[in-house]
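# When you get a sec, could you give me coordinates for this:
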Amino acid sequence: MSFELLHFRDAEKILKKKKLTQSVISTMQYLSDALHGTLFRGELLRQALTEMDWRHEPLNILNGRRYQYKGLRQKVAIDGSFSSYEYIQDALLRLQVGFDKQRVEVGIVLLTSQRSEKSPLGSTKDLVEQEIKDLFPTISLPVCIALFDLGGPGIYTDEAEGGTPDVQTKSNDPDPASNPQDDKEPDGDVVPKAEKKKKRPSVRSKEKEEEACPA
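Residues are numbered from 1 along each chain as shown. Take a look at the predicted model:
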C-alpha cells in the first residue's frame, strides 16, 4: 500500500457512522494507483474523485466564491496537494472554514509523504502528529491525513535507467545572445535597409526647374 491514513479527533468513528470507511480507503487506493508516477496530477485527481462519487455535490467553500474543495460527500470534504507537504496548513484552514459553517463534519487532507532526507523533523508521520497537536485549537475539526508516496514522474525514471527523456526539455525561451541565422548566407535579392542608396534627382528634373525659374 503506497499510502498511509492517519485519523485525528474521532474522525474514524464518524466515517464508520456514515458508513464511509471502506469508501474512503477504496478512494485513497484508487488515487494511489491512478496518480503513481504521473507528472500532471491535477486533472487526473479530479477525474478519479469524480469516478469515485466525490464531486457530485456543490464543492464551494464559501457561497459566491470560486474556492472549492477537491471532493465532498455526506459532509466529508477532501482537500490537499501532492506538490508540497507544507500545503497541510492551507488545506486544514479551508476544511476548518467548512466545519465552522457546519458544511463539513470530517476533513481528509491529501499530502505527499516525500520530504527532504536532511530534514531534522523526523518522519512525515511524526511531523503530522505534532502539527495537528500544535494547531489546536485554531484547527479543531476531526480530520484524516492521507500520506502518499507517488514516486517521481516517468521522465525522471527513464533518465535514471539510462533512457532518453522526451524532447519537452527544450527551453521555450532561446538564448537571446544566440542567432540561428549567423551561419547562413544572406539572400542575394535582399538588400538591407541600411545599405540602400538614396535616389538621386534626375538631370531632366533639374533642367525643368531652371526653365521654370528664369534668371
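# Okay, buried residues for the helix or strand harbouring residue 31 please.
According to DSSP states H and E, residue 31 maps onto helix 21-35. Residues 23, 24, 27, 28, 31, 32, 34, 35 are the ones in helix 21-35 that count as buried (16 or more other C-beta atoms under 10 Å). Yep, even glycine has a C-beta here, placed from its N, CA and C like the rest.
# how about these in JSON lines, adding distance to residue 90 and pLDDT?
Shown next, in JSON lines, are those (distance: C-beta to C-beta, whole Å; pLDDT from 0 to 100):
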{"residue": "23", "distance to residue 90": "25", "pLDDT": "97"}
{"residue": "24", "distance to residue 90": "21", "pLDDT": "98"}
{"residue": "27", "distance to residue 90": "21", "pLDDT": "98"}
{"residue": "28", "distance to residue 90": "20", "pLDDT": "97"}
{"residue": "31", "distance to residue 90": "19", "pLDDT": "97"}
{"residue": "32", "distance to residue 90": "22", "pLDDT": "95"}
{"residue": "34", "distance to residue 90": "23", "pLDDT": "94"}
{"residue": "35", "distance to residue 90": "20", "pLDDT": "94"}
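# Touching, residue 105 and residue 76? I think so.
Yes - between residue 105 and residue 76 there is a contact under C-beta atoms under 8 Å: 6.7 Å.
# So if I had to pick from the two, which one is more boxed in?
residue 76 (23 against 18; other C-beta atoms under 10 Å).
# in the sheet, who's paired with the more buried one?
Legend: beta-bridge partners of residue 76 under DSSP bridges are residue 73, residue 106.
# Which parts of this structure are helices?
For the chain, applying DSSP state H gives helices covering 11-17, 21-35, 42-51, 88-100, 124-135, 154-160, 203-212.
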